[in-house]
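**Student:** only the shape, not the letters, is given here:
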Ligand SMILES: OC[C@H]1O[C@H](O[C@H]2O[C@H](CO)[C@@H](O)[C@H](O)[C@H]2O)[C@H](O)[C@@H](O)[C@@H]1O
Ligand SMILES: [Ca+2]
């Protein structure tokens, strides 16, 4: 074949010229792969495309009719295809997407094969791309190429038949994290301030600024004046910002809450200029800085060497604690009274460990610990969250009325009987109730618990429904135990056992200097109380403690393993949890949130709750793996990580690269299909998933640090745990060295 017909790098003399363009890493990120390798200049220079014999292009009639064609064999060189993007996309979807959802999955019943012309033959020789996985990868690649404006591409086959574990990990690193990354500043405020959950008739971008950040008010005011078309509303926040009536009233004009910015070079006319620090959002309809999602994401970001992102998320939390008094559920006005499970100390220590060579790293750690101490006192150890009788803490956020951010229909079944009772329409009743024009103490009680459920992050679950605000949960108290030990350890190890508290971080009644012994005592005390009030020796697990009824709830929840994560249990308790509790939660795809028995029967009258059986969530897996490793249960940690990674990989392979917020961990075939409450964020994409879901992305790359290389190979071949176990029976499993460092 002449070089005219085959101008791709098969000619040694041409090889050098094409370095960095057509000879790109086949696994390069899409912006590089479709941006550089197929730049218009390169296309014009190369005769590749003009050399395509259209009669033999992948778009000829034989493809459209699905007829098989004969192929030439090639040598051992990696194969590349020459593809006209639009037409191949059209043909591919027409043949293979038989249920028309713009995804190619195992539920489609097309011929499952499409011939593509090789680049080496100028499109003349063709080979079949076969099977759901390769075809769906083709769809994903073509969709990406189109997004980058490519009309024609040279596509490495290795992008289509890539080991699925490598592919998913690669997408998380190169695409999902960047696509989930946001900043809030003048360059994008008009779009990021928009809220897909905004319920008002005329949404507009609004940014609320705390009184302690006048520089941001000045900055955004200038941006709004300079860009009137943005229609940006810049509003001072009241001080204090979390008065319940005030927060309720803000629901008629909801907006973003300002977070940390960095000063950059002044504008041309000498005005102070700022840039928002980056952060990662959870994904789906959640487009803000979230509380515990950010911690989970941090674990994945650190695996993927994105410490600068993790660092700035810690800085955002410090900003939130300083100006809003807490780590917010998320930075929207309707979350001003609500926090989420606190992970700041562990997050900051992990980040510090990765940035300690930087000159300002000690400042970073100091500020984060000062912020965590303030969060501890103001949020978690103040009433109503702190229960002085038990000495434990509960999720009890403030707030009035109906949480506005849920789906419109979410509370219909609860509120309709009250609307009928007051002879009002649904909307009239909600308004009257929110503004105290009708008095319904039972509803007040219901919504107090509902808000607590949301603050717990486990929204929603029969474990917590109608009782959450009374519960000293295992999860929260384990996290606070971890705060206490981390603070003690940090003060001792980094601050000479004397941490001075500057004025801006000082809390009423706090000593001017914090020392480790106080924090050690607090931790010891909490552990004793947890042991006394929450531990069940017979069941071998910790249970939530009802501070009103003064008894444990008996609801079996995977949050029992958080005590292991935090180091709040004895080695003996840890062994008992492994022996007795673990079998109650371990299923096909890892850990289920709670036991089926505790959840009880479900049906039309009692629908599934997304944080109950049979659903499994990334944070539960991550914390259990880390806890198990902490107490020396490597085998169990590896097995659970294997199960979870297998399940995510299987869904990814069979369902067009899907990565979702949560999974039905009992399902072998389509675990990503979850019919509960808010649907499943991350499943609704056309052609290609571009973000995954923050904490699942993190769990995947973090879990890959825990399984050993043998397991990783088996996962790449999509081998179930049971098969893998049979294959390796009798072998002694090696523990990956990285696994030893996954806990702090
Ligand atoms: O809008 C409904 C609820 O959405 C959030 O909760 C869920 O998503 C969060 C983001 O991934 C996650 O942190 C939480 O655990 C999920 O249950 C939000 O946090 C809730 O406040 C909100 O009511
Ligand atoms: Ca389909």
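**Tutor:** Sure thing, it's come through. On a predicted model such as this, the values are computed, not experimentally measured, just so you know. Ligands and ions are numbered 1, 2, ... in the order given.

**Student:** didn't residue 457 look like it was pressed against residue 296?
**Tutor:** No: using CB atoms under 8 Å as the test, residue 457 is too far from residue 296 to be in contact (10.1 Å). Where C-beta positions appear, they are placed from N, C-alpha and C, glycine not excepted.

**Student:** shared neighbours of these two, anything?
**Tutor:** Common contacts of residue 457 and residue 296 (CB atoms under 8 Å, 6 or more residues apart in numbering): residue 619.

**Student:** of these two, who's got more company?
**Tutor:** Taking other CB atoms under 10 Å, residue 457 and residue 296 do not tie; residue 296 has more neighbours (26 against 20).

**Student:** run through this protein and note the low-pLDDT ranges.
**Tutor:** For the chain, residues meeting the criterion pLDDT under 70 lie at 1-23, 36-75, 732-744.

**Student:** burial check on the residue of the stretch 601-744 of the chain found nearest ligand 1, number of neighbours?
**Tutor:** Taking CB to the nearest ligand atom, ligand 1 has its nearest neighbour within the stretch 601-744 of the chain at residue 678, 5.7 Å off. Look at residue 678: counted by other CB under 10 Å, it has 17 neighbours.

**Student:** please apply the same query to residue 509.
**Tutor:** 6.

**Student:** against residue 30, how distant is the residue in the stretch 251-400 of the chain that ligand 1 sits nearest to?
**Tutor:** In the stretch 251-400 of the chain, the residue that lies nearest ligand 1 is residue 282 (3.7 Å; CB to the nearest ligand atom). As for residue 282, its distance to residue 30 is 22 Å (criterion: CB to CB, to the nearest Å).

**Student:** more neighbours: which of those two?
**Tutor:** residue 282 (26 against 20).

**Student:** can I assume the more buried one is in contact with residue 691?
**Tutor:** No: between residue 282 and residue 691 there is no contact under CB under 8 Å: 9.3 Å.

**Student:** what touches both of these two?
**Tutor:** residue 180.

**Student:** residues contacting residue 218?
**Tutor:** Residue 218 touches residue 272, counting by CB under 8 Å, 6+ apart.

**Student:** distance check, residue 389 against residue 382.
**Tutor:** 15 Å.

**Student:** the more surrounded of those two?
**Tutor:** More crowded of residue 389 and residue 382, by other CB under 10 Å: residue 382, with 13 against 10.

**Student:** check the gap between that one and ligand 2 for me.
**Tutor:** Distance, residue 382 to ligand 2, using CB to the ion, to the nearest Å: 52 Å.

**Student:** that residue: which element?
**Tutor:** Using DSSP states H and E, residue 382 falls within no helix or strand.

**Student:** could I get the phi/psi values of it?
**Tutor:** phi -110, psi 160 (degrees, to the nearest 10).

**Student:** what about residue 207, which helix or strand?
**Tutor:** Going by DSSP H and E, residue 207 is in strand 206-209.

**Student:** what about the closest residue to residue 333 other than its chain neighbours, distance to ligand 1?
**Tutor:** Using CB to CB, 6 or more residues apart in numbering and skipping the chain neighbours, the partner closest in space to residue 333 is residue 250 (4.3 Å). Applying CB to the nearest ligand atom, to the nearest Å, the value for residue 250 to ligand 1 is 16 Å.

**Student:** mind listing what residue 250 touches?
**Tutor:** Residue 250 neighbours (CB under 8 Å, 6+ apart): 208, 333, 334, 336.

**Student:** now the stretch 1-150 of the chain against ligand 1: closest residue?
**Tutor:** For the stretch 1-150 of the chain, CB to the nearest ligand atom, closest residue to ligand 1: residue 103, 22.5 Å.

**Student:** thought that residue was touching residue 139?
**Tutor:** Yes: judged on CB under 8 Å, residue 103 makes contact with residue 139 at a distance of 7.4 Å.

**Student:** so what sits against both of those two?
**Tutor:** Joint contacts of residue 103 and residue 139 (CB under 8 Å, 6+ apart) are 97, 656, 687.

**Student:** could I get those as a markdown table with neighbour count and secondary structure?
**Tutor:** Shown next, in a markdown table, are the shared contacts of residue 103 and residue 139 (neighbours: other CB atoms under 10 Å; DSSP: H, G, I helix; E, B strand; the rest coil):
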| residue | neighbour count | secondary structure |
| --- | --- | --- |
| 97 | 20 | coil |
| 656 | 27 | coil |
| 687 | 23 | coil |
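
**Student:** check the residues you listed one by one and keep those near ligand 2.
**Tutor:** residue 97 (CB under 5 Å from the ion).
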